[in-house]
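S.K.: coords below, sequence missing:
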Ligand SMILES: CC(=O)N[C@H]1[C@@H](OP(=O)(O)OP(=O)(O)OC[C@H]2O[C@@H](n3ccc(=O)[nH]c3=O)[C@H](O)[C@@H]2O)O[C@H](CO)[C@@H](O)[C@@H]1O[C@H](C)C(=O)N[C@@H](C)C(=O)N[C@H](CCC(=O)O)C(=O)O
Ligand SMILES: Nc1ncnc2c1ncn2[C@@H]1O[C@H](COP(=O)(O)OP(=O)(O)OP(=O)(O)O)[C@@H](O)[C@H]1O
């Protein structure tokens, strides 16, 4: 289980002098001390100030920190210099504009160091502070529009089979060994990432896998890490508000394959973007083709040459041909063709990161459940349907998820779902139509309504449901998500499957600006425990 969000820092942080930071990084980052006009600090005193942590947010400052004041998209972080100093920051690194703001707010209370691009400096500065922790771990980074989380967990399973202790970071959680906290986002800011690398080392981990989002690459969050191996899953339309167009999105994703950011790469070449990345990447790349019989398989280093999807009722079996022509019998523990693709990529990534091929194949094929990704919460039997939680929250992902579950469902397929408030409104009826076409029984409910009227979101979904199923047969509506799950369970028998989609691992539900503790998995488990109790009472 994860514990609520907290910032993990090493227990024994180093103590560094501001003067040493400037001396070490002036050549590469152009750091220089900024003296406030009329400063009472002689340079020497500033240089001797010691810091014991690095942070990019005044809200995360602990006493002794160096505060990195970054010009943001909305506001300059230097505007929070007074908050940072009040919280105990002992020095500030910023750009010239930030230095002027810091001076206005706190005068010469703390030494200020300047550099032209603070975001670009954040990773290298935090890495220097922790004495380059990434160099002492095997590191794997995974990017792409879909499949990052799944692939990182598969890679971690393979690394765990070869290393005593590992860490895995991403959308679901920040996990070192068996300890985990909730993750604030897919890829944490550079100082947090460097803290986690240092903490992983402190706790005896020797390998770390992280998801790397396109935002992280555009905003320098993985600066200061040269990954041993990086992987690319696919590129589909997403996040164009941030990256401008597909070309910009591709350019940002490609940064992970730059010299200095990675030593080598593994690229799935099923789509045109993967093929282009493989051709253009500055670092050496191995290619993986995962669509059986597709033309790109012939030229790829690795190829899935046959796949039995979902035939054993759980995941899939597939054959992976290696660069030497040898064929390896492999498996994906999760259903659906997309997970054959994720498993094949993970095997090749783990092998490139030093795990023997047979060990990687066996470990990926038997990887444990990934929180909220086709997670089997309750198995079929004793009157209970198979109960699954999945994160699908787009029409395409919903379609893939329902298609993957159908072959493992002897009876009826029941879905509990909704759609997010304050996000893409156009997808609501489309998701309703997909569910009506591919599931037998629908319970439409709320996801994260945020500031919107939940009833209006459900109505938009039901408009789409009506297109595919005008009589609304076997379509139900429930205002509480927990009640929706209980309603579905009441309708289901042990040949049926109940899948709850959209929230996956999420530990909260956001309603009208308030985050309520809520998790789909917990509702299934509570209902299951309740039935056990009732059976015991009757026994
Ligand atoms: C678009 C984007 O990524 N924005 C990130 C960016 O925000 P920003 O430039 O707007 O920052 P800002 O609000 O102007 O603040 C400037 C600086 O002041 C600091 N500050 C601000 C307030 C305060 O009280 N004290 C303080 O020190 C901030 O920490 C920041 O360093 O820098 C901030 C921290 O420096 C990030 O928290 C913020 O991520 C926001 C929260 C976010 O939602 N990002 C999402 C889009 C994101 O990164 N998503 C990807 C996954 C995408 C996917 O694949 O689904 C991810 O990796 O999670
Ligand atoms: N290789 C893939 N290709 C296309 N779709 C995929 C692939 N792998 C997973 N998916 C779909 O995408 C959804 C999210 O999967 P996953 O969490 O692994 O991706 P992600 O890249 O980490 O996305 P996010 O950043 O939103 O968590 C799943 O519900 C699944 O249906």
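M.R.: It's in. For clarity, every value in this text was computed on a predicted model and none was experimentally measured. Residues are numbered from 1 along each chain as shown. Ligands and ions are numbered 1, 2, ... in the order given.
S.K.: alpha carbons only for contacts and neighbour counts from here, please
M.R.: Noted.
S.K.: break this structure into its domains for me.
M.R.: 16-129, 133-365, 375-538 (automatic domain parsing).
S.K.: ok, the shortest one near ligand 1 or not?
M.R.: Yes - Domain 16-129 comes into contact with ligand 1 when judged by CA under 6 Å from any ligand atom, the residues involved being 56-59, 70-77, 80.
S.K.: same check on the last one?
M.R.: No - contact of domain 375-538 with ligand 1 is not found when judged by CA under 6 Å from any ligand atom; the minimum separation is 11.3 Å.
S.K.: next, the distance between the ends of that domain.
M.R.: 31 Å (CA to CA, to the nearest Å).
S.K.: show the average pLDDT along it.
M.R.: Here domain 375-538 scores 94 as its mean pLDDT.
S.K.: try the second one
M.R.: Per-region confidence: domain 133-365 scores 93 on mean pLDDT.
S.K.: and the helices in the stretch 201-350 of the chain?
M.R.: Ranges of helices within the stretch 201-350 of the chain are 214-218, 240-243, 246-254, 272-280, 337-352, based on DSSP state H, counting those that start in this stretch.
S.K.: about what we covered before: so which of the domains of the chain is nearest residue 9?
M.R.: domain 133-365 (5.3 Å; CA to CA).
S.K.: the stretch 351-500 of the chain against ligand 2: which residues are in contact?
M.R.: Going by CA under 6 Å from any ligand atom, the residues of the stretch 351-500 of the chain near ligand 2 are 390-392, 397, 400-401.
S.K.: again, 5 Å this time
M.R.: 391-392, 397 (CA under 5 Å from any ligand atom).
S.K.: what does the protein have sitting close to ligand 2?
M.R.: Residues of the chain lying near ligand 2 (CA under 5 Å from any ligand atom): 146-150, 338, 391-392, 397.
S.K.: re the thing from before, now the helices of the stretch 201-350 of the chain as CSV including mean neighbour count?
M.R.: Shown next, in CSV, are the helices of the stretch 201-350 of the chain (neighbours: other CA atoms under 10 Å):
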stretch, mean neighbour count
helix 214-218, 21
helix 240-243, 12
helix 246-254, 18
helix 272-280, 18
helix 337-352, 26
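S.K.: of all those, which one is nearest ligand 1?
M.R.: helix 214-218 (5.0 Å; CA to the nearest ligand atom).
S.K.: does residue 67 sit in a helix, a strand or a coil?
M.R.: strand (DSSP: H, G, I helix; E, B strand; the rest coil).
S.K.: please apply the same query to residue 198.
M.R.: helix.
S.K.: number of residues surrounding the residue lying closest to it once chain neighbours are set aside?
M.R.: The spatial neighbour of residue 198 that comes closest, neighbours along the chain excluded (CA to CA, 6 or more residues apart in numbering), is residue 133 at 5.5 Å. Here the number of neighbours of residue 133 (other CA atoms under 10 Å) works out to 22.
S.K.: can you name the residues that contact residue 133?
M.R.: Residue 133 makes contact with 127, 194, 197-198, 201, according to CA atoms under 8 Å, 6 or more residues apart in numbering.
S.K.: and the gap between it and residue 469?
M.R.: Applying CA to CA to residue 133 and residue 469 gives a distance of 56 Å.
S.K.: same deal with residue 173?
M.R.: 38 Å.
S.K.: looking at those two, which one has more neighbours?
M.R.: Neighbours were counted for residue 173 and for residue 469 using other CA under 10 Å; residue 173 has more, 25 against 17.
S.K.: what's the nearest residue in the stretch 301-450 of the chain when you look at ligand 1?
M.R.: Closest point on the stretch 301-450 of the chain to ligand 1, by CA to the nearest ligand atom, is residue 393, at 11.3 Å.
S.K.: hang on, that residue in a strand?
M.R.: No - going by three-state DSSP, the assignment for residue 393 is coil, not a strand.
S.K.: and the closest residue to it other than its chain neighbours, what does it touch?
M.R.: Once flanking residues are discounted, residue 393 sits nearest to residue 502: 4.5 Å by CA to CA, 6+ apart. Residues near residue 502 by CA under 8 Å, 6+ apart: 390-393, 417-419, 447.
S.K.: same list (the residues you listed) but as CSV, adding neighbour count.
M.R.: Below are these laid out as CSV (neighbours: other CA under 10 Å):
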residue, neighbour count
390, 24
391, 20
392, 22
393, 20
417, 28
418, 28
419, 29
447, 23
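S.K.: the longest helix seen in the chain: which residues count as buried?
M.R.: Criterion DSSP state H: the longest helix present in the chain is helix 520-538. Under the neighbour-count criterion of 16 or more other CA atoms under 10 Å, helix 520-538 has 520-521, 523-524, 528 buried.
S.K.: do the same with stretch 279-293
M.R.: So for stretch 279-293, counting by 16+ other CA under 10 Å, buried means 281-291.
S.K.: which two in the residues you listed are spaced the farthest apart?
M.R.: 282 and 291 (25.5 Å).
S.K.: any residues touching stretch 472-489, and which ones?
M.R.: Residues contacting stretch 472-489 (CA under 8 Å, 6+ apart): 385, 414-416, 440-447, 455, 465-466, 498, 500, 520, 523-524, 527.
S.K.: how far away is whichever residue of the stretch 351-500 of the chain sits closest to ligand 2 from residue 444?
M.R.: Closest approach between the stretch 351-500 of the chain and ligand 2, counting by CA to the nearest ligand atom: residue 392, at 3.6 Å. Going from residue 392 to residue 444 by CA to CA gives 15 Å.
S.K.: mind listing the strands for the stretch 151-300 of the chain?
M.R.: 166-169, 173-176, 179-182, 207-211, 227-232, 262-268, 285-289 (DSSP state E, counting those that start in this stretch).
S.K.: can I get these in a markdown table with distance to ligand 1?
M.R.: Formatted as a markdown table, those follow (distance: least, CA to the nearest ligand atom, whole Å):
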| stretch | distance to ligand 1 |
| --- | --- |
| strand 166-169 | 11 |
| strand 173-176 | 12 |
| strand 179-182 | 13 |
| strand 207-211 | 8 |
| strand 227-232 | 13 |
| strand 262-268 | 18 |
| strand 285-289 | 22 |
